[in-house]
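J.: Just need the structure, nothing else, for what follows:
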Amino acid sequence: MSKNVNFDIKGLVAKARKILPRVIKHASFVATLIILAVYLFTVWRISQLAGADVPADQTAALVQIPKIDENAIKQIQALEQSNTEVKSLFNSARNNPFQE
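T.: All right, here's what the predicted structure looks like:
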């Protein structure tokens, strides 16, 4: 099953010396095309991944609803009802949440 493959190294070197000046002449153009192709592929892939839908089973794992202690909620409500200054502070924060 083995084939005898003989390479003529001297012939290859001679052919390479003939072709090399033409290749060097257009090397910057070829390099620019390669860089452009890689850039276009990257942009295409990013746009493809940005528009991809997330499977429902992965979406449920990503969304985590924070749990608040019931005792803390009751304590905050009790403090709000007992103190008029805190009650007015809560009301103003509800009316305008972006005010500092």
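
J.: contacting residues for Ser82?
T.: Shown in contact with Ser82 (CB atoms under 8 Å, 6 or more residues apart in numbering): no residues. In this view, the C-beta of every residue, glycine as well, is placed from N, C-alpha and C.

J.: Can you get me a residue count around Lys87?
T.: 13 (other CB atoms under 10 Å).

J.: Remind me which helix or strand it belongs to.
T.: Element membership for Lys87 (DSSP states H and E) is helix 84-95.

J.: Show me what that helix is packed up against.
T.: If contacts are counted by 3 or more CB pairs under 8 Å, 6 or more residues apart in numbering; DSSP states H and E, helix 84-95 sits against helix 70-82.

J.: Okay, angle between the helix it packs on and helix 84-95 too, please.
T.: 110 degrees (axes from the mean of the first three to the mean of the last three CA atoms, to 10 degrees).

J.: Now do the domain split for this structure, please.
T.: 9-56, 66-100 (automatic domain parsing).

J.: now the first one: mean pLDDT?
T.: In this model, domain 9-56 carries a mean pLDDT of 88.

J.: For Gln81, give me its contacts.
T.: Lys87.

J.: show me where the protein has helices.
T.: Taking DSSP state H as the test, the helices found in the chain are 9-25, 27-50, 56-62, 70-82, 84-95.

J.: What lies in contact with the first one?
T.: In this structure, no residues lie in contact with helix 9-25 by CB under 8 Å, 6+ apart.

J.: That helix versus helix 27-50: what angle between them?
T.: 70 degrees.

J.: Same check on the fourth one?
T.: Inter-element angle recorded for helix 70-82 and helix 27-50: 80 degrees (by the same axes, to 10 degrees).

J.: Kindly export helix 70-82 (C-alpha atoms) in CSV.
T.: Provided in CSV are the C-alpha atoms of helix 70-82 (Å, rounded to 0.1, in the frame of the first residue of the first chain):
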residue,chain,number,x,y,z
GLU,A,70,-41.2,38.1,55.9
ASN,A,71,-40.0,39.3,59.3
ALA,A,72,-38.0,42.2,57.7
ILE,A,73,-41.1,43.2,55.8
LYS,A,74,-43.3,43.3,58.9
GLN,A,75,-40.6,45.2,60.8
ILE,A,76,-40.3,47.8,58.1
GLN,A,77,-44.1,48.2,57.9
ALA,A,78,-44.3,48.5,61.7
LEU,A,79,-41.6,51.2,61.7
GLU,A,80,-43.4,53.1,58.8
GLN,A,81,-46.7,53.1,60.7
SER,A,82,-45.2,54.2,64.0
